[in-house]
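Student: Starting from these lines, generate the structure:
(4 chains)
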2 protein chains.
Amino acid sequence: MQDALRRFKADIFQALAHPTRIAILELLSAGELSAGELIEKLGMEQANVSQHLAVLRAKQLVANRKAGNQVFYTLRDPIIDKVLRLMRQYFHAHLKEAMEMLGEMEKPTGKTR
Amino acid sequence: MQDALRRFKADIFQALAHPTRIAILELLSAGELSAGELIEKLGMEQANVSQHLAVLRAKQLVANRKAGNQVFYTLRDPIIDKVLRLMRQYFHAHLKEAMEMLGEMEKPTGKTR
DNA sequence: ATCTTAGATTCGAATATCATAATATACTAT
DNA sequence: ATAGTATATTATGATATTCGAATCTAAGAT
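Tutor: Here you go, the predicted model:
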């Protein structure tokens, strides 16, 4: 049982473990958006976004409602939003390492201007 | 940049996205443990646990200190613990779906003697 | 009925993750 | 030096994720 619980949590984290899906959830944290609006804001392939939405639906992280032609998505639980907020905090606390991890540490020389 | 940030978060979630690694972090949240103690408590293969520890190290989620023969691990940032606590909350709020997701919903008929 | 628009699903190839087995390193003791 | 213990690393095969391309479905609109 202990282990089943951990498998469940791991599954949720797995769903969160993609930049596009994080972007989707962050966009939705401001309020409901249609699939089309998400695609536009993300600037990505329709099929790809739809696939990521399918993952989020499967893990119950988002709810969707159909209105005529369109499908509107919302966050299912504010806890997910809290988790993402904590991650922002974490990011700021570890900004330096994060940059190194991402291999994007700017050299002091030039570039700005 | 926005995207780099999301890649960073996704990487952290990826590190959390495995039951064994969650177990490790939860064990460490009670305090420092040696690799050997972790292996024993988890009841898993030495090499496997060591690999998961390597992932957690690479993503900077744990710190390690060497003492003679042994290596002791600790959580690096209490925020991670907070995230796991939030996930516990989330789990309780969604217990029912979780069970279904895990395919472990017991049928009312029989089984229990 | 046909066309169009909004989304979802399926397929294939490239890549990543995982567990096990085998090997390597580093320290301690003799 | 040799042996033993604690831990890490590497190689390999199995499985899972990811993306783009193509296809499919449902709802309007003509």
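Student: does any part of the host helix or strand of A:Ala23 sit near DNA strand C?
Tutor: Using DSSP states H and E, A:Ala23 maps to helix A:19-28. No - on the criterion Cβ under 7 Å from any atom of the strand, helix A:19-28 is out of touch with DNA strand C, staying 10.9 Å away. Heads up, the C-betas are built off the backbone N, CA and C, glycines and all.
Student: After that helix, which helix or strand is next?
Tutor: strand A:33-34.
Student: Contacts for stretch A:79-88 next, please.
Tutor: Residues from elsewhere that reach stretch A:79-88, judged by Cβ atoms under 8 Å, 6 or more residues apart in numbering or on different chains: A:16, A:22, A:25-26, A:29, A:61, A:75, B:9, B:12-13, B:79, B:82-83, B:86-87, B:89-90, B:93.
Student: Roughly how far does A:Asn35 sit from DNA strand C?
Tutor: Quick fix: residue A:35 reads Ala, not Asn. When distance is defined by Cβ to the nearest atom of the strand, to the nearest Å, A:Ala35 is 3 Å away from DNA strand C.
Student: That should have said A:Leu27, apologies.
Tutor: 13 Å.
Student: Count the neighbours of that residue for me.
Tutor: Other residues lying near A:Leu27 total 16 when counted by other Cβ atoms under 10 Å in any protein chain shown.
Student: Name all residues that make contact with it.
Tutor: Going by Cβ under 8 Å, 6+ apart, A:Leu27 touches A:Leu33, A:Leu38, A:Lys41, A:Leu42.
Student: Could I get the buried residue list for stretch A:73-87?
Tutor: By 16 or more other Cβ atoms under 10 Å in any protein chain shown, the buried positions in stretch A:73-87 come out as A:Tyr73, A:Leu75, A:Arg76, A:Asp77, A:Ile79, A:Ile80, A:Lys82, A:Val83, A:Leu84, A:Leu86, A:Met87.
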